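Engineer: Predicted model and sequence below, questions to follow.
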Amino acid sequence: MDIQNDVCSLQDFVVDSENLIRDIQANQRPVMVTSNGKPGVVIIPADFMPSKLKALTAICDLSNV
C-alpha cells in the first residue's frame with residue numbers, strides 16, 4: 001500500500017467521493033479511509049471481491065483446523 005496514493009481522510013472522501021471511487025476503479029487499487037488519523041475502512045474495487053473473499057474463507061478454514 002502506497003501511503004501517499006492509497007490513504008485518504010474521511011473528510012477528503014466525503015468532499016470528493018465521486019473522483020476517489022473513479023480512481024479506485026481505474027487504478028484497481030484499494031484505498032484506506034482514515035477517521036481521526038486512524039484506519040477506518042478499506043474500499044476495494046468490486047472486481048477484487050471474489051478473489052479476496054475466497055482468500056479470506058481459506059484463511060478462516062485454516063484457523064479452524
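Structural biologist: Structure's in. What do you need?
Engineer: Next, work out how far apart Ala32 and Asp61 are.
Structural biologist: Residue 32: Met, not Ala. Separation of Met32 from Asp61 (C-beta to C-beta, to the nearest Å) stands at 26 Å. (Each C-beta comes from the backbone N, C-alpha and C, glycine too.)
Engineer: By mean pLDDT, flag the weakest helix or strand of the protein.
Structural biologist: The weakest-scoring helix or strand in the chain, judged by mean pLDDT, DSSP states H and E, is helix 3-6 (a mean of 75).
Engineer: Who are the packing partners of the helix or strand following that helix?
Structural biologist: Next along the chain after helix 3-6, taking DSSP states H and E as the criterion, comes strand 7-9. Applying 3 or more C-beta pairs under 8 Å, 6 or more residues apart in numbering; DSSP states H and E, one finds that strand 7-9 makes contact with strand 31-35.
Engineer: packing partners for the strand it packs on?
Structural biologist: By 3+ C-beta pairs under 8 Å, 6+ apart, strand 31-35 packs against strand 7-9, helix 10-27, strand 38-43.
Engineer: who's in contact with the shortest one?
Structural biologist: Applying C-beta atoms under 8 Å, 6 or more residues apart in numbering, the external contacts of strand 7-9 come out as 1, 20, 31-35.
Engineer: of the residues you listed, closest to Lys54?
Structural biologist: In terms of C-beta to C-beta, no member of the contacts of strand 7-9 lies closer to Lys54 than Met1, at 20.6 Å.
Engineer: Surely Ser35 and Phe13 touch.
Structural biologist: No. Using C-beta atoms under 8 Å, Ser35 makes no contact with Phe13, being 9.6 Å away.
Engineer: hang on, the earlier thing: please identify the deepest-packed of the helices and strands packed on strand 31-35.
Structural biologist: Mean neighbours per residue, mean count of other C-beta atoms under 10 Å, is largest over the helices and strands packed on strand 31-35 for strand 7-9, with a mean of 16.
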